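Colleague: below: sequence and its predicted model.
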Amino acid sequence: MNKKTNTMIILLFTLVSFLAGRWAGNDYLLSVLILIAINVLMACSLRTIFILEQISLGHVGFALIGAYSSALMVMKLNISFWLALPLSGSICALTALLLGYPFLRLKGIYFAILTFMLAESLRLIAYNWRSLTGGQFGLTDIPGPGTIGLPFLGTIDFDTMENYYYLTLMVVILSILVLFFIEKSHLNVKWRAIKDAESLAQSVGMNAILHRIMNFVIASFFAGIGGALFAHYQKGLSVEVTSRFGIMASIYLLVYVVIGGKEKFSGPIVGTIVLMMISEFARSFEEYRPIIIGFIAIIVVLFLPEGVTGIPERLTRLKQQLKKG
Amino acid sequence: MALPFQVWVQIIINGLSLGGLYVLIALGLTLILSIMGILQLAHGEVYMLGAYAVYYLAVKMGINVYAAILFSMFLMAGFGMLMERFLFRRCEDKVLSPIIISTGLTLILQAGAVIVFGLYERSIPRLSEGSFELMGVFVPKDRMVAMVISACMAYMLYLFLKRTKLGLGMVASAQNPQAAQLKGIDPHKMSLLAMAIGSGFAAAGGAMAGSILMLTPFMGTLPLVKGLAIIVLGGMGSLSGAVFGGILIGLIDGIVPVLFGPLTASLAPLVIVIIILLIRPQGLFGHE
Amino acid sequence: MLFEIKNLKVQYGGAVIIKEMSMAVEEKQIVTLIGSNGAGKTTTLKAISGLKDLTAGKIFFRGERIDTLQPQEIVKRGLVQVPEGRGLFPYMTVMENLRLGAFIKKDQKKTDDMLEWVFDRFPKLKMRVAQIASTMSGGEQQMLAIACALMAEPKLLLLDEPSTGLSPLMVKEIGKVVRDINETGTAVLLVEQNAQLALSLAQKGYVMETGRIVQQGDASALLKSDYIKKAYLGK
Amino acid sequence: MLKIKNLSKRFGGIQAVTELDIDIKERQIFGLIGPNGAGKSTTLNMIDGSLFPTTGTIIFKEENITHQRPCSRAGKGIARVFQKDVLFSSFSARENIKLGLHLHSNLGLKEIFFPWSAISKKKDRILDEKAMEILKFVRLGEKADEMAINLPHGNQRALGLGIAMATGCDMLLLDEPLTGMNAQETDQMMEMITTLRDEKNLTIVIVEHNIKAVLGLCDQVVVLDFGKKIAQGDPDMVVEMPNVIEAWLGAEQDAV
């Protein structure tokens, strides 16, 4: 797969998802599309952390912060949705900044464990801080973006499912583009250098820990945006173990990224869409869905470690081997 | 805090019995991590399956609880060895692939448990009935029994690793896998052994938790979270760290909610781990 | 013939690390394989001890083909390697390290006898049985590593760059130890960059460059050859 | 140029370096020698900032840098060639040098995020030229576009030197630069090091075991043993000192 493919897949994703919104027609399909879009953003931001060869098992922890802070800002402080959305991302970024130093001194498995603990602790806090988060009952009646007048488009009611879908899509695509810019920027070059040889990178003047924190902050910002989008779509938040903010949700995200292919920018987009579609088709046997996803995850890791987006390269290699004999 | 003395004794004993459970989980996780270099995130599900196995053996088939626990440990040890042989051994890298595979297993086993065992809560017969008096407090006997069993198992593991050739070989394999191989130590055999012991310990933990608390298909998540906190706290792959960390986290879980309420309790382990890592990035008992 | 490599080839990914090599070690001989880093020496050793798969070729030890065996099986047959970087267990004591050296030996009594023998040879180790390996100096660690390998009673001892990172004084000590070991009847295959040391110890030498044997022969003759002088001794 | 005063470092219970004083003058090639575990690497790590000393101060160009991180020291003019992480393995040789140049690339935010803009391209071309110059110096001119990981060992070490040069340093720390090289490669590397001092006016600190190289290169050496300085001075003189011979070189030149 050459370098152009990432751009192609982003374009294709944009086009198809816009058309899908038109075709969907009913609220149920639209809600599925909204969840897919949010998860694409979550998975893409999670992959950002992978660039520095770190694995986060706590990405939904930041989504939780984003979701609750956005919902609470709108509900308790009467801040407009349009302001609360970027603010909730910033709160996540700030949290990541504070946690960055103790967290990012650890690498590999130990960083993964810390993020895992973080997500679970955040969930428990949300569960136990009744006065703020409503505890086990969670928050209900979270207002949506409401009606707003836009130049050229007139007045739009973003509380309808279709309009909220397009709003989500716009935010998600914009965020993906920002992440894509970062991927193509010199920042990413430095990140790759730090991944290759951290002490050498420091010796030529790169502040490795600062870059690691920056990377974590950026990823967390977009996770927060994802969470906020979810909060105003769902209109209610809960933090049961099995909810969107349980450990399992983090694991699903990780599976999306790996199955799509973590080496490629487009990997998480492809992985999320493919798996969520499969999961949707398996709706009629609800209980078996985790089993299906689990099996796919195991099989892909064992037999296709580069993920779905690695297939074309694998085929090219196979062809070359066949030619050689 | 002005708590009556009896309450103190009570919460400390609660903490210690929780700690005993956590130690069993953390020892297994640490053993697997240090010898195979992988994070076994389905460890909580092994714990859950171990508990259900005891339930079926003891309640449905009427076998003695202790015999059932022993049997369940062997069963889970076998399951652990199967996981090593057919899944973890085939991973290309040591970090990401095992994480994905074990989380895949978590998904399968949890959902499978919901389908097979159902969502209603069950319980295992108590390890021991009644209670006895200690410093003016009534202590349930089953908690004491659980504590004693955990302590014995931890000590037996210590003796095995320190005194037997096979145990020494395991530790060697953890410290320098390639050199161990050149001494004639088969790394696959050591990995199988680590998974067997780790999974057996998890089963014992699950059975004891099942006799004190309730059985549910999702019961494995909490001990996994605790176990992971303990292995970071105690130090990377250190067994004494796992024991110490287990007791520490157990005590925190026993004491902090009573003293400061559940909100502080939910944050306490993370804060403690972060503070310790800021001072000693390699954990309490870890090597530099 | 104690040990023989025939037409070894090793590939890793797309890169051919060892193109073609053959060599042999007779009973009770010291044979050396010299060459600079990246020549393929360490890969050769890994292939011998079963840590790396061969692409082609055969390896024989005491008349038996060993290239299809697992590392632990090869050790059991008496072919023991001290890897580069010494291969100790850093957080274990000297005693534990030595005991692990005899991991393949079933007989406890024999292990104890062997321990006595090793302590006679390395009296310094006896005084430090309880010391943690990683707290010893580089030279002492190298000695311990060799002692551990001897615990397995090797017929052929493979040493991978024992002189690396050691001071000239320590390098001399290692040289003495290697000669001593050889006098007790153990054959030694010494892989080194330090051509001077290696060739002055060995009876036979092989020179490896970019995955191939480019020179071979009597060690003393090699030491005097212009080729070695120019490329390896810097004279 | 670099003054080390009363430097000590403890790891847990082990005293790695004890009360070390070193004074390195400009344009010196300074050797740090001694047996294994004598504290040479620890000292080097404290000079480049990857370790902080327990006590003592390090002064570089009149500035106290004792507690600065490696990245800020790089900005002040200290660069290091490592023994292991010599280069950025997933980049080409040219890109490796450009990463070394990054402190001098003057990239603004705009160029960082829009590498395809005209200004960035122009700056990139300038960087390319600078990189080629350095590559030619380390004799890798023809291998500019090869992946670093595929280069032969000797070339990799040379590239490592090139990366350090690219930082525009005044002081170069070399950690066993000759390990694993054959005689020819050793000669080339030694020649390069001398040229760096003579033509580029660099001050060079070397940790090395190869006694011939130490004698051939260094103007001044310090011999460490058990973390303490046991001798200092002209290399030819130091190797004759009885305590140095006893601790490091061995009594006579017999077997080796």
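Modeller: Yes, it's here.
Colleague: what mean pLDDT does the longest helix along chain A have?
Modeller: Looking only at chain A and at elements set by DSSP state H, the helix with the highest residue count is helix A:208-234. For helix A:208-234, the mean per-residue pLDDT is 94.
Colleague: now the strands for the chain?
Modeller: Using chain A here. Per DSSP state E, chain A has strands spanning A:147-150, A:154-157. These are given in chain order.
Colleague: meant chain D actually
Modeller: Using DSSP E, the strands of chain D run over residues D:2-11, D:14-24, D:29-33, D:55-60, D:63-64, D:78-81, D:171-175, D:203-207, D:220-225, D:228-233.
Colleague: redo those strands as JSON lines? Include distance to chain B and mean neighbour count.
Modeller: (Glycine included, C-beta is placed from N, CA and C.) JSON lines is the format used below for the strands of chain D (distance: least, Cβ to the nearest Cβ, whole Å; neighbours: other Cβ atoms under 10 Å in any protein chain shown):
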{"stretch": "strand D:2-11", "distance to chain B": "7", "mean neighbour count": "18"}
{"stretch": "strand D:14-24", "distance to chain B": "10", "mean neighbour count": "18"}
{"stretch": "strand D:29-33", "distance to chain B": "23", "mean neighbour count": "25"}
{"stretch": "strand D:55-60", "distance to chain B": "19", "mean neighbour count": "18"}
{"stretch": "strand D:63-64", "distance to chain B": "25", "mean neighbour count": "11"}
{"stretch": "strand D:78-81", "distance to chain B": "21", "mean neighbour count": "28"}
{"stretch": "strand D:171-175", "distance to chain B": "20", "mean neighbour count": "25"}
{"stretch": "strand D:203-207", "distance to chain B": "21", "mean neighbour count": "23"}
{"stretch": "strand D:220-225", "distance to chain B": "21", "mean neighbour count": "23"}
{"stretch": "strand D:228-233", "distance to chain B": "22", "mean neighbour count": "16"}
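Colleague: got TSV for those strands, with mean pLDDT and distance to residue C:76 too?
Modeller: Conversion of the strands of chain D to TSV gives the following (pLDDT from 0 to 100; distance: least, Cβ to Cβ, whole Å):
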stretch	mean pLDDT	distance to residue C:76
strand D:2-11	89	38
strand D:14-24	88	37
strand D:29-33	91	42
strand D:55-60	92	52
strand D:63-64	91	59
strand D:78-81	92	43
strand D:171-175	92	39
strand D:203-207	92	41
strand D:220-225	89	42
strand D:228-233	88	46
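Colleague: if you count neighbours, what's buried in stretch B:84-95?
Modeller: B:84, B:87-88, B:91, B:95 (16 or more other Cβ atoms under 10 Å in any protein chain shown).
Colleague: among these, which lie within helices?
Modeller: Per DSSP H, the subset of the buried residues of stretch B:84-95 in helices is residue B:84.
Colleague: in contact with the closest residue to chain C within the stretch 151-300 of chain A, which residues are there?
Modeller: The stretch 151-300 of chain A approaches chain C most closely through residue A:263 (16.4 Å), counting by Cβ to the nearest Cβ. Applying Cβ atoms under 8 Å, 6 or more residues apart in numbering or on different chains to residue A:263 gives the contacts A:306-307, A:309-310.
Colleague: report the two of those separated the most.
Modeller: Put simply, by Cβ to Cβ the two of these set farthest apart are A:306 and A:309, 7.4 Å from each other.
Colleague: between these two, who's got more neighbours?
Modeller: Here residue A:306 and residue A:309 are compared on neighbour count by other Cβ atoms under 10 Å in any protein chain shown; more neighbours surround residue A:309, at 24 against 18.
Colleague: list the contacts of residue B:108.
Modeller: Under the criterion of Cβ under 8 Å, 6+ apart, the contact list for residue B:108 reads A:290-291, A:294-295.
Colleague: pull out the buried members of those.
Modeller: Among the contacts of residue B:108, those classed as buried by neighbour count (16+ other Cβ under 10 Å) are A:290-291, A:294.
Colleague: pick out the lowest-pLDDT one from those.
Modeller: Among those, residue A:290 has the weakest pLDDT, 88.
Colleague: for it, give its distance to residue B:105.
Modeller: 11 Å (Cβ to Cβ, to the nearest Å).
Colleague: just residue A:115 next, same as before
Modeller: Using Cβ to Cβ, we find residue A:115 at a distance of 20 Å from residue B:105.
Colleague: ok, residue A:122 next?
Modeller: Between residue A:122 and residue B:105 the distance is 25 Å, computed by Cβ to Cβ.
Colleague: quick one: is stretch A:134-142 near chain B?
Modeller: No - applying Cβ under 8 Å from any Cβ of the partner chain, one finds that stretch A:134-142 is not in contact with chain B, the shortest distance being 9.5 Å.
Colleague: ok, and the closest non-adjacent residue to residue D:158?
Modeller: When the adjacent residues along the chain are set aside, residue D:158 lies closest to residue D:138, with 4.3 Å between them (Cβ to Cβ, 6 or more residues apart in numbering or on different chains).
Colleague: tell me the SS of residue C:4?
Modeller: At residue C:4, secondary structure determined by DSSP: H, G, I helix; E, B strand; the rest coil is strand.
Colleague: need the contact list for it.
Modeller: With Cβ under 8 Å, 6+ apart as the criterion, the residues that contact residue C:4 are C:22-25, C:59-61.
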